[in-house]
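> please find the sequence and the predicted model below.
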Amino acid sequence: MNKEILKKNRKFTGQRALPGLLVFALLMLCGCTRSANENALKYRNGRCIVFYPPENETIREYAMSLCENREDKVLDYIMEEAGDYFRITYDGEEYFYVNEDMSDLDLNVINGREMLSDMLRYEMKKGEIDEAYTAEFWSKSDKNSIDLENIDLKLEKDHLDLYFKDFEYTLSLPLGYLRSLTGKDLGFGEIEDYEKKTFISLKRPMVALTYDDGPYRTVDEVIYDTFRKYDARATFYVAGYRMSQTEIDSIEEGIQMGMEFGSHSENHSNLSLLDAYEARAAIMEPVSYVYEKLGYRMRTYRPPYGSRNYEMEDIIDMPAILWTVDTRDWYYRDEETTYQRALADIKDGDIVLMHSLYMSSALASQRIVPELIDRGFQLVTVSELLEAKGYDLDTLKAYGSN
Ligand SMILES: [Zn+2]
């Protein structure tokens, strides 16, 4: 083994570095406590490294004796204050972190499970890694399922590598996230605000599952749980007359999950029987109400029964969204039939019509969602789907048929 000893570079930076090193030097002079010796002796890349104050020959001799033999090479190193630690750089680029007792930094305490799960999913999707398009991956990468024991952390110069053994995947995190992830301050300044990001691959097929006639908390909750598990998103066309406070809470929860909400009119009326301006008012009422209550702006609407006309579409500043797959779940009210009808001819770009009034539709969704994911589909909202397919929501008047 090639043995080397580090020589302290004069370029000390920071006020707090000095007391730490003096304490260390005193420990050396006083015969050293066992733990201090062990901490001062480090092996990196097959080399023996000892920290000592180089001006003092006695300590230097003692320090060098800590390595097994004397074939040592003296290196320069720089020790800088870095948050609650000291960063030691040697060979110009290799470096590590020690605390005041010269103990190595232990990163293996991870707090941000949710953030970690989100980032893993996002990065694997962005990297177009096939495994990220399987239901098994989404189950295993859930924040409650991630096995922290199976993650190796390695600190690099400008990022932190986390190797997930379960997925054989390395996630590289900017160091700004390190403090929120490990609770360790290594002096990288402010904690970077983590924001959940969604990635939609234009290379892979996508579908939008839609649920009409809610909000209905009882059924919504079951649908949300399924979509939460697979980090998928759906669109809900909700009617104004149903919006009691309980149901508004359900919409709010959905919005937080990234679900899309659109207007299904105030009273579920047949809009084509109304004057165009009355039809517009019926569509816009829930739009204004939800905006006023939750600050959320609906971007699309679905006319009840798919009933519409050009005159009304013309004066409503949002596209009317119909569907391309009709499960007729309201008619059958049967889990198996809804499941079969949703998947029978499903293809890229489809918009599937279901209703959030029936538990059978929610139970069918528990099987539809993982099945679609396993077939390689991304489950996106209507707006996401249209934008991914190149439509401009500001000018689009209608999409799909009834
Ligand atoms: Zn309806």
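Structure's in. What do you need? Numbers count the residues shown, from 1 in each chain.
> from here on, contacts and neighbour counts on C-alpha atoms
Noted.
> return the per-residue confidence for the closest residue to the ion within the stretch 51-200 of the chain.
In the stretch 51-200 of the chain, the residue found nearest to the ion is residue 200; the distance is 28.4 Å by Cα to the ion. Note for residue 200: predicted pLDDT of 95.
> which non-adjacent residue is nearest it?
residue 378 (7.5 Å; Cα to Cα, 6 or more residues apart in numbering).
> same question for residue 221.
Of all residues apart from its sequence neighbours, residue 250 sits closest to residue 221 (Cα to Cα, 6+ apart), at 7.8 Å.
> pull the distance from the longest helix belonging to the chain to the chain's centre.
With DSSP state H applied, the helix covering the greatest number of residues in the chain is identified as helix 276-294. Its chain's C-alpha centre lies 33 Å from the corresponding centre of helix 276-294 when counted by Cα atoms, centre = their mean, to the nearest Å.
> count the residues that sit near the residue of the stretch 51-200 of the chain closest to the ion.
Under the neighbour criterion other Cα atoms under 10 Å, residue 200 is assigned a count of 17.
> get me the contact residues on this structure for the ion.
If contacts are counted using Cα under 5 Å from the ion, the residues of the chain sitting beside the ion are 213, 304.
> can you give me the domain boundaries for the chain?
The chain resolves into domains spanning 5-98, 113-182, 206-399 when parsed by automatic domain parsing.
> need the contact list for the residue nearest the centre of the chain.
In the chain, the C-alpha nearest the mean C-alpha coordinate belongs to residue 118, at 2.1 Å (Cα atoms, centre = their mean). Shown in contact with residue 118 (Cα atoms under 8 Å, 6 or more residues apart in numbering): 143, 196-197.
> same question for residue 219.
356-359, 362.
> ok, residue 397 next?
313-314, 317-320.
> now, those residues that are in strands?
If you go by DSSP state E, the contacts of residue 397 have residue 320 in strands.
> would you turn the contacts of residue 397 into JSON lines with neighbour count and distance to residue 134?
Below are these laid out as JSON lines (neighbours: other Cα atoms under 10 Å; distance: Cα to Cα, whole Å):
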{"residue": "313", "neighbour count": "19", "distance to residue 134": "39"}
{"residue": "314", "neighbour count": "14", "distance to residue 134": "41"}
{"residue": "317", "neighbour count": "17", "distance to residue 134": "38"}
{"residue": "318", "neighbour count": "23", "distance to residue 134": "34"}
{"residue": "319", "neighbour count": "21", "distance to residue 134": "32"}
{"residue": "320", "neighbour count": "25", "distance to residue 134": "32"}
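> dump the contacts of residue 397 to a markdown table, plus pLDDT.
Supplementary listing: the contacts of residue 397 in a markdown table, determined by pLDDT from 0 to 100:
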| residue | pLDDT |
| --- | --- |
| 313 | 95 |
| 314 | 95 |
| 317 | 95 |
| 318 | 96 |
| 319 | 97 |
| 320 | 97 |
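> ok, the contacts of residue 397 vs residue 343, which is closest?
The shortest approach to residue 343 among the contacts of residue 397 belongs to residue 320, at 23.6 Å (Cα to Cα).
> ok, for that closest one, nearest residue in space, not its chain neighbours?
Excluding the flanking residues, the one nearest residue 320 by Cα to Cα, 6+ apart is residue 398, at 4.4 Å.
> quick revisit: look at the residue nearest to the centre of the chain and tell me its secondary structure.
Here residue 118 is recorded as helix under DSSP: H, G, I helix; E, B strand; the rest coil.
> tell me who's in contact with the residue of the stretch 51-200 of the chain closest to the ion.
Contacts here follow Cα under 8 Å, 6+ apart; on that basis residue 200 touches 125-126, 378, 388.
> what is the neighbour count of the closest residue to residue 367 other than its chain neighbours?
Closest residue to residue 367 in three dimensions, ignoring its sequence neighbours and counting by Cα to Cα, 6+ apart: residue 339, at 7.1 Å. Residues near residue 339, counting by other Cα under 10 Å, number 22.
> residue 339: which element?
With elements taken from DSSP states H and E, the one containing residue 339 is helix 335-343.
> what are the buried residues along that helix?
Going by neighbour count (16 or more other Cα atoms under 10 Å), the buried part of helix 335-343 is 335, 337-339, 341-342.
> report the angle between whichever helix or strand comes after it and helix 335-343.
Toward the C-terminus, helix 335-343 is succeeded by strand 351-355 as the next helix or strand (DSSP H and E). Orientation check (axes from the mean of the first three to the mean of the last three Cα atoms, to 10 degrees): strand 351-355 against helix 335-343 gives 160 degrees.
> and residue 172, helix, strand or coil?
strand.
> likewise residue 299?
coil.
> contacting residues for it?
For residue 299, the residues meeting the contact criterion (Cα under 8 Å, 6+ apart) are 261-262, 318-319, 383, 393.
> do the same with residue 214
Shown here is residue 214, whose contacts under the criterion Cα under 8 Å, 6+ apart are 236-239, 242, 355-357.
> one more time with 7 Å
With contacts defined as Cα atoms under 7 Å, 6 or more residues apart in numbering, the neighbours of residue 214 are 237-239, 242, 356-357.
> what are the bridge partners for it, then?
Here residue 214 shows beta-bridge partners residue 238, assigned using DSSP bridges.
> for the closest residue to the ion within the stretch 151-300 of the chain, which non-adjacent residue is spatially closest?
Closest residue of the stretch 151-300 of the chain to the ion, Cα to the ion: residue 213 (4.7 Å). Distances taken as Cα to Cα, 6+ apart put residue 238 closest to residue 213, at 5.4 Å, once the chain neighbours are dropped.
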